[in-house]
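Kindly generate the corresponding structure for this input.
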Amino acid sequence: MADQPCTFKQKRKIAEHSFRAKDTCHITLGQYRPMRPAFALILLLFFTTGCFEFKYTKMVPMRDGVKLATDVYLPAGKGPWPVILYRTPYGKDEFYEQGMGFARIGIAAVGQDMRGRFFSQGKDGVFTTDGDGDLKDGFDTMEWISQQVWCNGKIGTTGGSARGIVQYMQNTTGHPNLAVMNPAVATPNLYTDAMFSGGVFRDNLVCGWLGGQQSLDFLDNVYAHPYEDAFWDSVQTADQYGNVQAPGLHQGGWYDIFLQGTLDGFTGYQHSGGTGAAGNQKVIIGPWTHGGFGSLTQGELTYPANAITPPYASGEAFNTLFNHYLEFGSPDVTDLPDDVPNVQYYVMGDVDDPAGPGNVWRQADDWPPAAAPVRMHLHPDGSLSEVCPPEDGGMTPYTYDPADPSPTLCGSNLNMAAGSCDQQYGVEDRADVILFSTPVLAQPMEITGRVSAHIFADIDQPDTDIMVRMTDVYPDGRSMLIADSAARMAARNTTTGITPLSQNEVVETVVDLWSTSIIINTGHRLRISITSSNSPRFAVNRNTGLDFPDAAWIVQLQGADGITGTPVTVNIHHSLDYPSYLEIPDPTRTPEDYIQCN
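Reported below is the predicted structural model:
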């Protein structure tokens, strides 16, 4: 019998999820009317002869009674089905095409506005209500899904950036129905990877993103909790990796704003995760910025054509993992999770030399690869080498004035130019920036793993920041950014508070430059530049030694003009007693093969 227009009873069955294949019908445009909220707010149908997929919206209650707007996309025919969940602060409508696409192949999909966003009730908690805190919106949503008749008990999650962060948060609740996850360009640790770096506020990223969300009032929480305390527990999840029970595919880029978070999420789940998570993680890191997936050009560098797709493509890795762990059983996907490499990462290289080393993908069982923690020491003549500095190597001074901060030229940014850009004009030519460079390399130098700068310095004010930029200096003089980061001296390498410096007190400040993989070509030089500002990437330190936010000038909110503060003289030490150095991991050497000066 040919399908007929749906009767009112059949439409009610659809909304109540009790519709069955024998009830085949279709809704004509003339028939469609919004249903009562008790059933569904929205009903959209995609239909073929005798079958269709449909979408409806449900206000799903959380444990405190707040309801979150949730779109459900159901396949044609009779369930139950596996479910893919996508939670977002950017409006659930962005998931429409993906949701319908999953439904067409037989996977139910759920898109949800996070708390306080778009059609959801409540106040935007900026991820603090999504993890294992007093409110558990991620857990509650998965619990609701698992109770629906159309769910077969297997839930997968996907999404990038904020939609990836929310996965990392809700993973810690250990929901038993979470079967697989796919966080991309995200972090499991919001305080240390997004809000502050080395105790320095990430001005442009945080204020730019919160402003775009119309959630700048969340800054009141940041001002009240400038150090890592109990307020941040639900979004600093490194101590909760053992609660995670699901396999995952993590994706990121060497120039991404959350690069280290992506790697930490992979290694944390892989080695410290719970049953189901440990040993079942995959990660892909390419030469990409936060929004640069699919582009060969990252900042001012254009990589070869192979830079876009790893040997085991991201989409294929997703299909393999989700097909297996959701028990979807597609005949078109024959690989198993063990066929997907645990680690795929792009080794960057000289983009001007097609025959040069690097610009290749590597596969590995784990991250990071074994490497020698090579120490490149700063020398009084401005050189950078493994040789220990002289015993009386002295110090190199510079004076930093908060009223004239060093500008940000690309890097790991979101709301401004990102990627690798030339630093020689605008940064390295400033009087308040000092440089340390290797000689021209006679053979290639590889850096693969986590990089840090250990800088011994004294200052004549209570506080300032140490900013380090690491660059690949091309033969034509271009100084192309590899990585940059910051550390607040008064934080003294902690996240829990500050202790202002005394006059002439020499302090070792460790600047975590996160991770990278690059081969510096023959004829190039490796360089670091040191100063005390990088604005507006980081807030401007006013050198007062006060608590944040009084210690800083936030350019994104206060503007770039009229910055107040006290100039500071910074003495960078490079003697045998205070041997400042850049630590770079070299996987071509054994872990014991490095020089330790003091």
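
Could you give the separation of stretch 407-419 from the chain centroid?
When distances are taken as C-alpha atoms, centre = their mean, to the nearest Å, stretch 407-419 is centred 15 Å away from the chain's centroid.

Please shift the residue numbers so they start at 353 in all later answers.
With the count now opening at 353, the last piece we talked about shows up as stretch 759-771.

Residue 838 is in contact with residue 886, correct?
Yes: if you go by C-beta atoms under 8 Å, residue 886 and residue 838 touch, sitting 6.4 Å apart. C-beta: built from backbone N, CA, C; applies to glycine.

Show me the common contact partners of the two, please.
Both residue 886 and residue 838 are in contact with residue 819, where contact means C-beta atoms under 8 Å, 6 or more residues apart in numbering.

Any chance you could list what contacts stretch 737-749?
Contacts for stretch 737-749 (C-beta under 8 Å, 6+ apart): 726-732, 734, 786, 790-791, 809-810, 921-932, 946-947, 949-950.

Figure out the length between the terminal residues of that stretch.
Terminal residues of stretch 737-749 lie 20 Å apart, using C-alpha to C-alpha, to the nearest Å.

quick revisit: name only those of the contacts of stretch 737-749 that count as buried.
726-732, 786, 790, 809-810, 922-927, 930-932, 946 (16 or more other C-beta atoms under 10 Å).

Would you mark the buried spots in stretch 702-711?
Those would be 702, 703, 705, 708, 709, 710, 711, for stretch 702-711 by 16+ other C-beta under 10 Å.

residue ranges with poor pLDDT in the protein?
In the predicted model, the chain carries pLDDT under 70 at residues 353-404.

Show me where it has its helices.
Shown for the chain, the helices assigned by DSSP state H span residues 360-367, 448-456, 489-498, 514-523, 542, 555-564, 571-576, 611-624, 666-677, 907-910.

what helices or strands is the fifth one leaning on?
In terms of contacts (3 or more C-beta pairs under 8 Å, 6 or more residues apart in numbering; DSSP states H and E), helix 542 is packed against no helix or strand at all.

List of residues touching that helix?
479, 517, 584, 587, 588.

from the contacts of stretch 737-749, which ones fall inside strands?
726-730, 786, 809-810, 921-925 (DSSP state E).

With distance to residue 874 as added columns, please give the residues you listed in CSV.
CSV is the format used below for the ones in strands among the contacts of stretch 737-749 (distance: C-beta to C-beta, whole Å):
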residue, distance to residue 874
726, 17
727, 22
728, 17
729, 22
730, 23
786, 26
809, 33
810, 38
921, 38
922, 34
923, 35
924, 29
925, 32
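
Out of these, which is nearest to residue 817?
residue 922 (9.6 Å; C-beta to C-beta).

these two touch, right, residue 632 and residue 692?
No: here residue 632 lies out of contact with residue 692, judged by C-beta under 8 Å, at a distance of 10.3 Å.

Residue 769: how many residues sit nearby?
13 (other C-beta atoms under 10 Å).

In contact with it, which residues are there?
651, 761, 762.

these two touch, right, the second one and residue 780?
No: between residue 761 and residue 780 no contact is recorded; they are 9.7 Å apart, counting by C-beta under 8 Å.

which one of these two has more residues nearby?
residue 761 (24 against 21).

what's the distance between the more buried one and residue 777?
9 Å (C-beta to C-beta, to the nearest Å).

And for residue 652?
With C-beta to C-beta as the criterion, residue 652 and residue 777 are 12 Å apart.

Which two among the buried residues of stretch 702-711 are spaced furthest apart?
703 and 709 (12.3 Å).

Could you count how many residues lie near residue 751?
Here the number of neighbours of residue 751 (other C-beta under 10 Å) works out to 12.

That one - nearest residue in space that isn't next to it in sequence?
residue 921 (5.0 Å; C-beta to C-beta, 6 or more residues apart in numbering).

List the residues that contact the one you found.
749, 750, 751, 811, 812.

ranking the residues you listed by neighbours, who comes first?
Neighbour count (other C-beta under 10 Å) singles out residue 811 as the most crowded of these, with 26 neighbours.

Surely that residue touches residue 842?
No: the pair residue 811 / residue 842 is not scored as a contact, 9.7 Å apart, by C-beta under 8 Å.

Apart from its chain neighbours, what residue comes closest to the residue nearest to the spatial centre of the chain?
Closest residue to the average C-alpha location of the chain: residue 610 at 2.4 Å, with C-alpha atoms, centre = their mean. Spatial nearest neighbour of residue 610, chain neighbours left out: residue 539 (4.2 Å); criterion: C-beta to C-beta, 6+ apart.
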